[in-house]
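1. coords please:
(one chain, ligands or ions: 1)
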Amino acid sequence: MAKATKRTFLLGAGTALAGMGLWRLTSGSSVARGPAYPQFDSFLSAKGNILNDASLLEPTEIQKFVQFNSRIDGAFIHQLRDMVRGGGEKTYPMIASTARHSMGGQSIPDKGIALSLVQSWIEPDVSTRSYRVGAGTRWQTVIRELDKIGFSPKIMQSNNDFGVASTFSVNAHGWPVAYPGCGSSVRSLKMMFPDGVIRTCSRTENADVFRHAMGGYGLFGVILELELDMVPNLRLEPRFEPVAGRQLGERFAEALSADRSIEMAYGRLDVSVDNFFNDGLLITFRPTEDQSDLPAAEGSGIVSMISAEIFRMQTDSETAKEFRWWTEKTLGPSFTGVTTRNNLMNEPVVTLDDQDPTRTDILHEYFVPPDRFTDFVDACRAVIPASYQQLLNVTVRYVGADTESVLAYAPEPRIASVMLFSQEMSRRGEEDMRRMTHELIERVLEIGGSYYLPYRPHASLDQLTRSYPRAAEFAAFKRSLDPRLIFRNLMWDRYFSKV
Ligand SMILES: Cc1cc2nc3c(=O)[nH]c(=O)nc-3n(C[C@H](O)[C@H](O)[C@H](O)COP(=O)(O)OP(=O)(O)OC[C@H]3O[C@@H](n4cnc5c(N)ncnc54)[C@H](O)[C@@H]3O)c2cc1C
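-> Residues are numbered from 1 along each chain as shown. I've put the predicted structure just below:
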């Protein structure tokens with residue numbers, strides 16, 4: 001990475017931050033909010049109604065913040081319908097959210113009503129292998145409850161803090177293989193439409209709305225509850241396979257097609273500058289013979305906490321990056337023993353939380369055909385080390401073809417690479433990130449890939465429409481369902497309102 005010391009960045013950072021309007025928000029606000037999940041309250045500012053998201057780079061003035069903490073009842077529906085239909089002279093744009101871990105204003109309405117659903121109900125039905133769940137229920141609750149009855153969510157992200165409706169709304173994916181995004185495991189949902197009426201959406205009812213709302217970033221209504229598939233929880237045994245970085249994509253796809261017993265899988269790449277993306281690891285999990293007496297799903301264990309320390313030391317330290325890769329390669333196989341499906345997905349984001357107030361964690365994710373992964377590695381080598389950004393981690397996944405959602409990021413099977421950068425909170429840090437992201441997306445598009453939408457809004461409009469060729473159809477359908485444009489977020493304002 002281009003050499004710029006932390007000190008260089010910090011000099012003048014105050015002026016830069018003030019100029020950009022970037023600041024850390026403190027809790028305590030005049031707007032209504034509930035008691036749960038204090039870590040997410042920090043996205044609300046004390047000064048006026050300013051709301052932020054996990055990037056900490058999107059402070060935005062809102063009209064009000066409304067949090068619903070309970071199970072949906074008549075009073076809730078009444079209040080929500082009033083907000084959607086608009087009382088009196090003025091109606092405000094609104095958008096639903098849960099944890100606001102998206103990073104580009106996807107859950108923030110400019111001068112509108114930010115609706116936060118914080119729920120915790122779930123009703124599993126073993127006979128149909130499905131469960132009904134509140135839209136704002138988080139995965140930690142889902143895992144805890146399904147674990148008790150020997151089941152597991154079919155598809156979710158690799159962290160458990162996020163809301164179930166949010167996961168459908170970004171169509172997230174994770175380590176379970178070989179599936180497309182979570183939307184493919186959603187049987188139906190109930191949503192308040194822009195006319196204030198609650199309707200069921202599924203593959204047979206309001207199917208067009210279902211396909212647009214899957215990965216539709218809340219732009220079609222407020223999801224109130226969902227019904228999803230569950231699968232048996234399993235005891236799984238890991239296998240670690242060292243693979244050359246450039247071969248990781250093809251090897252991943254090959255391993256999955258050769259062995260259908262693989263339940264979960266991910267890859268990693270070495271991010272040390274001297275060996276950038278040269279070495280990789282493929283980690284696959286298969287069921288063990290003994291599936292009796294599965295242990296209860298735990299939270300993050302001591303090993304995760306120790307690796308979090310090493311993880312953070314990597315910022316600006318080549319030695320720490322090399323050490324981290326060594327631990328991953330050599331200690332990982334000895335310390336990662338037999339585990340369960342639920343255990344693997346039960347990891348909170350806070351495990352890797354950064355305590356440094358001058359930096360923020362920014363994710364990127366790219367999807368490329370397995371046989372173009374070598375080109376992807378070459379593109380990353382050409383672009384990332386020339387930037388000022390600190391790349392701390394790459395996790396590689398396999399995503400099956402998504403033939404349903406309109407904004408599909410993986411219309412064919414794809415290798416997904418999730419990258420976690422530590423970014424300086426300064427104008428220079430942000431501009432460098434914008435330039436680097438633009439260049440990476442361009443190269444990914446050249447090799448037939450796409451980028452993921454819940455992160456920073458650094459793509460150009462042209463790059464968005466090339467990544468998502470049905471963007472115009474998506475926006476037209478939104479306008480026809482929601483002609484008053486009630487459901488709006490910063491992503492609509494910046495992109496879809498212009499296509
Ligand atoms: C540390 C970290 C790890 C991640 N790992 C993964 C991963 O492994 N795989 C992956 O695919 N993604 C991953 N992501 C991205 C993550 O899945 C999305 O950002 C997800 O939206 C976060 O959930 P949330 O509850 O914070 O969503 P929010 O930011 O609150 O909302 C996201 C979107 O969903 C919409 N929405 C939320 N609730 C409703 C509702 N009730 N009705 C209608 N629309 C709604 C919002 O309007 C918004 O557009 C990760 C993100 C982070 C920060």
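2. count residues in the vicinity of the residue in the stretch 301-450 of the chain that the ligand sits nearest to, would you?
-> Of the residues in the stretch 301-450 of the chain, the one nearest the ligand is V349, at a distance of 4.4 Å by CB to the nearest ligand atom. Placement of C-beta: from N, CA and C, glycine included. For V349, the number of neighbouring residues by other CB atoms under 10 Å comes to 17.
3. you'd agree it is up against R100?
-> No - applying CB atoms under 8 Å, one finds V349 not in contact with R100, separated by 11.8 Å.
4. pLDDT weak spots in the chain?
-> Scanning the chain for pLDDT under 70 picks out 1-48, 87-89, 299-306, 351-353.
5. next to the ligand, which bits of it? Give me the list.
-> 54, 95-102, 106-107, 117, 135, 157-159, 162-163, 165-167, 169-170, 172-174, 217-218, 222-223, 349, 363, 454, 489 (CB under 6 Å from any ligand atom).
6. strands - which of these land there?
-> If you go by DSSP state E, those have 95-97, 117, 222-223, 363 in strands.
7. and the residues you listed, which two are furthest apart?
-> Using CB to CB, the pair of those lying farthest apart is V222 and L363, separated by 25.5 Å.
8. if you count what's nearby, which of the two comes out ahead?
-> V222 (26 against 18).
9. partner residues bridging that one?
-> On the basis of DSSP bridges, V222 is bridged to M192.
10. quick one, what contacts it?
-> 80, 84, 96, 115, 117, 135, 191-192, 487 (CB atoms under 8 Å, 6 or more residues apart in numbering).
11. go on, A297?
-> 143-144, 147, 233, 340, 342-343, 346.
12. can you pull the phi and psi angles for it?
-> Geometry field for A297 lists phi and psi as phi -60, psi 130, criterion degrees, to the nearest 10.
13. for the ligand, what's its nearest residue on this structure.
-> Closest residue of the chain to the ligand, CB to the nearest ligand atom: G218 (2.5 Å).
14. pretty sure that residue sits against S107.
-> Yes - applying CB under 8 Å as the test, G218 and S107 come out as touching, 7.1 Å apart.
15. which one's more surrounded, these two?
-> S107 (32 against 27).
16. how near is the more buried one to K329?
-> 37 Å (CB to CB, to the nearest Å).
17. name the SS class of the residue nearest to S120 when sequence neighbours are not counted, please.
-> Nearest non-adjacent residue to S120, counting by CB to CB, 6 or more residues apart in numbering: T141, 5.0 Å away. What DSSP: H, G, I helix; E, B strand; the rest coil gives for T141 is helix.
18. run a quick neighbour tally on T141.
-> Counted with other CB under 10 Å, T141 comes out at 17.
19. what residues are up against V444?
-> Contacts of V444 (CB under 8 Å, 6+ apart): 366-368, 376, 379, 450-451.
20. what about these, which are in strands?
-> Among those, DSSP E puts 366-368, 450-451 in strands.
21. biggest separation within those residues, which pair?
-> V368 and Y451 (10.2 Å).
22. the two - which one has more neighbours?
-> Between V368 and Y451, counted using other CB under 10 Å, V368 has the larger neighbour count: 24 against 21.
23. correct me, but that one touches E446?
-> No - at 10.3 Å, V368 and E446 do not qualify as touching, with contact defined as CB under 8 Å.
24. which residues does stretch 481-499 contact?
-> 58, 60, 84, 86, 91, 93-95, 104-110, 112, 193-194, 209, 212, 217-222, 453, 457, 461, 464-465, 471-472, 474-475, 478-479.
25. list the buried residues of it.
-> By neighbour count on 16 or more other CB atoms under 10 Å, the buried set for stretch 481-499 is 481-482, 486-496.
26. next, the distance between the ends of that stretch.
-> Using CA to CA, to the nearest Å, the end-to-end distance of stretch 481-499 comes to 16 Å.
27. touching, N171 and G183? I think so.
-> Yes - taking CB under 8 Å as the definition, N171 is a contact partner of G183 at 4.6 Å.
28. dump the C-alpha coordinates for the longest helix along the chain into CSV.
-> If you go by DSSP state H, the chain has its longest helix at helix 427-446. Presented in CSV, the C-alpha positions along helix 427-446 are these (Å, rounded to 0.1, in the frame of the first residue of the first chain):
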residue,chain,number,x,y,z
ARG,A,427,-11.6,13.7,3.2
ARG,A,428,-8.4,12.2,1.8
GLY,A,429,-9.4,8.7,3.0
GLU,A,430,-12.8,9.0,1.5
GLU,A,431,-11.6,10.4,-1.9
ASP,A,432,-9.0,7.7,-2.1
MET,A,433,-11.6,5.0,-1.3
ARG,A,434,-14.0,6.5,-4.0
ARG,A,435,-11.2,6.4,-6.6
MET,A,436,-10.1,2.9,-5.7
THR,A,437,-13.7,1.5,-5.6
HIS,A,438,-14.4,3.0,-9.0
GLU,A,439,-11.4,1.4,-10.5
LEU,A,440,-12.1,-2.0,-9.0
ILE,A,441,-15.7,-2.0,-10.2
GLU,A,442,-14.6,-1.1,-13.7
ARG,A,443,-12.2,-4.1,-13.8
VAL,A,444,-14.8,-6.4,-12.3
LEU,A,445,-17.3,-5.4,-14.9
GLU,A,446,-14.7,-6.1,-17.7
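29. please identify the buried residues of that helix?
-> Going by neighbour count (16+ other CB under 10 Å), the buried part of helix 427-446 is 427-430, 432-433, 436-437, 439-445.
30. equivalent analysis for stretch 317-328, please.
-> Those would be 320-322, 324-325, 328, for stretch 317-328 by 16+ other CB under 10 Å.
31. nearest to I198 among these?
-> Of all the buried residues of stretch 317-328, the one with the least separation from I198 (CB to CB) is E328, at 47.4 Å.
32. circling back: among the buried residues of stretch 481-499, which ones are in helices?
-> Reading helices off the buried residues of stretch 481-499 with DSSP H, I get 481, 490-494.
33. and which of the residues you listed is nearest I283?
-> M491 (32.9 Å).
34. break this protein into its domains for me.
-> Structural domains assigned to the chain are 122-232, 235-459, following automatic domain parsing.
35. most packed of the ones you listed?
-> Stretch with highest mean neighbour count among these: domain 122-232 (a mean of 21; mean count of other CB atoms under 10 Å).
36. can you get me the start-to-end distance on that domain?
-> Domain 122-232 end-to-end distance (CA to CA) = 17 Å.
37. same check on stretch 172-188?
-> End-to-end distance for stretch 172-188, by CA to CA: 17 Å.
38. I'd say R397 and P176 touch.
-> No - with contact defined as CB under 8 Å, R397 does not reach P176; the gap is 9.5 Å.
39. returning to that earlier point: so what sits against both of G218 and S107?
-> Common contact partners of G218 and S107 (CB under 8 Å, 6+ apart): 95-97, 489.
40. give me phi/psi at T465?
-> phi -70, psi -30.
41. ok, it touching E473?
-> No - taking contacts as CB under 8 Å, T465 lies outside contact range of E473: 10.9 Å.
42. of the two, who's got more company?
-> A direct count of neighbours by other CB under 10 Å for T465 and E473 places T465 higher, at 18 against 14.
43. please report phi then psi for the nearest residue to the more buried one once chain neighbours are set aside.
-> Nearest residue to T465, sequence neighbours excluded (CB to CB, 6+ apart): A471, at 4.8 Å. The phi/psi pair for A471 (degrees, to the nearest 10) reads phi -60, psi -40.
44. tell me which residues touch A471, please.
-> By CB under 8 Å, 6+ apart, the neighbours of A471 are 407, 464-465, 495-496, 499.
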